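K.L.:
Here is a sequence with its predicted model. Questions after.
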Amino acid sequence: MAATDTESDNLIDDEEIKKPLQIDVKIDTTSTCERHVVVTISESEVVRYRQDAFDEVAPKAELPGFRAGKAPRKLVESRFKEQVSEQVKSSLVMDSLQQVTEGDHFSAISEPDFDFDAIDLPSEGDFKYEFRIEVRPDFDTPQWEGLALTRPACTLTDKHVDAHLSRTLTRFMTGEAVDGPAELGDQVTLNASFSIDGKEISSFEEESTPVRKKLSLGDAIIEDFDKLIVGKREGDSFTTTVTLSDSAAKEELREKEVDAKFDIHEVKRIQIDEISPAMLDNLGFDDTEELRSFVKSELERQFEYHQQQALRKQIVDELTKGADWELPESLIKRQTNRELQRMMLELQRSGFNQEQINSYMNASRMNARESTIRALREHFVLEKIAEDLDVEPTPDDYDQEIALIAEQNDSSPRRIRARLEKSGQMDAIRNQIIERHVINRITEAGKITDEEDTSFLKAEPESSDIDFAIAGDYQDIPEAKHDNEPAQMPGAPKLPEKEKE
């Protein structure tokens, strides 16, 4: 259908409004991953934006003594001067920022950092503002083809399945309450409080964990935990001191000594003599073969993760040899929690149970800053290779990733997707998929030597883990700093609302 004259005029007007700004951009490199940017917008562009803004306001402006849209232009400009200036400033800043960040000046990895309210739009002359922004390092793509790689290999036997089967059953069974002292291997439910100089800084209630030699938290390890609790009964309490790690979320609490008080809420013991039909029914399996098939499948996914991680480590160790870029502290802090979230999603899709995930996560939290720096450097390199190879996730990639996470969480893919979208973790899923594709491409182009490796089949761990950090968790730094709409000035006439499209 051909456009009418009116529609054609509207298209022309839209093109004029969207015409690129004539701006001057000066960029100073303050560090490898930071730029200081000064943007200058010519006076003629300021006049154009101001004129366009009043062109939209005038036909709808309501002023005392005049019908809507009939007030003299000079009066409209006088009465709405302050509000239009704010609107023009906002439009100029947002449009110029888009041009700068979407141009070929740099690859931004954060929002521009500036104080919008402190920016002044002059009544005449050029409009100038400046900001700081974090960017991806500028480097040449490393040579990634033909790497010599050792790939772990493992043939899972019935013996491996049997060993994992008992741990799987223990995970699914609730156990029987113990009316006596706790023993090594029992499942205990604890309440705990943590304090410094008598002032409580955190606590948890009814967290369950096996009794083992050590107890690992997100930012501390309690040595000889078994000696503290073995022999105690439900209702008993015990105390100890623990030193927080140097990667604790709150800097002021790092390496501080904390008093810990534990109350034993419940003691349970799991004993497996045989796999009865009733037990299989409770677990949701028809027979032992179906149970063993489930256990073997879980082991295979865990080995695939082990294999991928081993190859990835060799690859990124080689490709990041010169990647010693200094990273902004703000970027490290912002990414720490996201990197932990990404790791958890990767472990979930790889078939690890919650106890195993807690163990991995607590170990990572203990060394969170260094792990984040390493992960960022690796991501920059792999992302650059992905761009060169034009690697981008497909809808099927997302569906498969979410289905694996849903299976491990005993939930529906729809519910998992909604949770990930709501929590803003779909970017983490995207990065996982891209990095995995790149690692696979590099592996395919490498010189592979297979080597038998069963190290992923770990013996019973010495440490139990509780998903809790005494000093609190790392939190994302909020990203949205600037609204697109200027704030209404108190007591000023209200700008006419734009017509909805």
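P.N.:
Arrived safely, thanks for sending.
K.L.:
how about stretch 255-267: buried residues?
P.N.:
For stretch 255-267, burial by neighbour count (16 or more other C-beta atoms under 10 Å) applies to 256, 258-260, 262, 264, 267. In this view, the C-beta of every residue, glycine as well, is placed from N, C-alpha and C.
K.L.:
Take these and lay them out in TSV including secondary structure, distance to Lys333 and pLDDT.
P.N.:
Below are these laid out as TSV (DSSP: H, G, I helix; E, B strand; the rest coil; distance: C-beta to C-beta, whole Å; pLDDT from 0 to 100):
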residue	secondary structure	distance to Lys333	pLDDT
Lys256	coil	19	95
Val258	strand	22	97
Asp259	strand	28	97
Ala260	strand	27	97
Phe262	strand	31	97
Ile264	strand	37	96
Val267	strand	40	95
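K.L.:
Save those as TSV, and put in distance to Ala248 too.
P.N.:
Shown next, in TSV, are the buried residues of stretch 255-267 (distance: C-beta to C-beta, whole Å):
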residue	distance to Ala248
Lys256	8
Val258	10
Asp259	16
Ala260	14
Phe262	20
Ile264	26
Val267	30
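K.L.:
quick check, nearest of those to Gly322?
P.N.:
Checking the buried residues of stretch 255-267 against Gly322 by C-beta to C-beta gives Lys256 as the nearest, at 37.1 Å.
K.L.:
just to revisit the earlier point, ok, so of the buried residues of stretch 255-267, who is nearest Asp104?
P.N.:
When the buried residues of stretch 255-267 are compared for distance to Asp104 (C-beta to C-beta), Lys256 wins out at 47.6 Å.
K.L.:
which residues sit in contact with the closest one?
P.N.:
Residues near Lys256 by C-beta atoms under 8 Å, 6 or more residues apart in numbering: 196, 243-244, 248.
K.L.:
ok, now with 7 Å
P.N.:
For Lys256, the contacting residues are 196, 244, by C-beta atoms under 7 Å, 6 or more residues apart in numbering.
K.L.:
next one: Lys26
P.N.:
With contact taken as C-beta under 7 Å, 6+ apart, Lys26 is in contact with Val38.
K.L.:
Can you list the strands that the host helix or strand of it pairs with?
P.N.:
Following DSSP states H and E, one finds Lys26 within strand 23-31. Sheet pairing of strand 23-31 (DSSP bridges) gives strand 34-41 (antiparallel).
K.L.:
Residue ranges of each domain in the chain, please.
P.N.:
11-134, 148-170+285-465, 174-269 (automatic domain parsing).
K.L.:
Of the ones you listed, give the one that comes closest to Gly472.
P.N.:
Nearest to Gly472, of all those, is domain 174-269, at 4.9 Å by C-beta to C-beta.
K.L.:
thinking again about what came up before, buried ones in the strand holding Lys26, by neighbour count?
P.N.:
Ile23.
K.L.:
Output the domains of the chain in a markdown table; the columns should cover distance to Thr141.
P.N.:
Listed next are the domains of the chain as a markdown table, based on distance: least, C-beta to C-beta, whole Å:
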| stretch | distance to Thr141 |
| --- | --- |
| domain 11-134 | 14 |
| domain 148-170+285-465 | 5 |
| domain 174-269 | 32 |
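K.L.:
what bits of the stretch 401-501 of the chain have low per-residue confidence?
P.N.:
Applying pLDDT under 70 to the stretch 401-501 of the chain flags residues 459, 475-501.
K.L.:
Helices of that one, start to end?
P.N.:
413-422, 426-444 (DSSP state H, counting those that start in this stretch).
K.L.:
same deal with the stretch 201-350 of the chain?
P.N.:
With helices called from DSSP H, counting those that start in this stretch, the stretch 201-350 of the chain shows them at 225-229, 277-283, 288-319, 329-349.
K.L.:
Redo those as CSV? Include mean neighbour count and mean pLDDT.
P.N.:
CSV is the format used below for the helices of the stretch 201-350 of the chain (neighbours: other C-beta atoms under 10 Å; pLDDT from 0 to 100):
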stretch, mean neighbour count, mean pLDDT
helix 225-229, 19, 96
helix 277-283, 12, 82
helix 288-319, 17, 92
helix 329-349, 19, 88
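K.L.:
got those as a markdown table, with distance to Ala182 columns?
P.N.:
Below are the helices of the stretch 201-350 of the chain laid out as a markdown table (distance: least, C-beta to C-beta, whole Å):
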| stretch | distance to Ala182 |
| --- | --- |
| helix 225-229 | 6 |
| helix 277-283 | 24 |
| helix 288-319 | 28 |
| helix 329-349 | 29 |
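K.L.:
what's the closest of the ones you listed to Arg374?
P.N.:
Relative to Arg374, the nearest member of these by C-beta to C-beta is helix 288-319, separated by 8.3 Å.
K.L.:
residue ranges for the strands of the chain, please.
P.N.:
23-31, 34-41, 127-134, 148-153, 176-177, 187-196, 199-210, 214-216, 221-222, 237-243, 257-269, 447-452, 463-465 (DSSP state E).
K.L.:
Thr29 contacts Arg35, correct?
P.N.:
Yes - contact criterion C-beta atoms under 7 Å: Thr29 and Arg35 qualify, at 6.1 Å.
K.L.:
Can you give me the neighbour number for Arg171?
P.N.:
Residues lying near Arg171 (other C-beta atoms under 10 Å) number 12.
K.L.:
Can you name the residues that contact it?
P.N.:
Residues in contact with Arg171 (C-beta under 7 Å, 6+ apart) are 353, 355.
K.L.:
can you list the weak-confidence ranges in the stretch 151-300 of the chain?
P.N.:
Applying pLDDT under 70 to the stretch 151-300 of the chain flags residues 273.
K.L.:
hang on, isn't Arg417 packed against Ile402?
P.N.:
Yes - assessed by C-beta under 7 Å, Arg417 is found in contact with Ile402 at 5.2 Å.
K.L.:
Show me which of those two is the more surrounded one.
P.N.:
Between Arg417 and Ile402, counted using other C-beta under 10 Å, the more crowded position is Ile402 (22 against 19).
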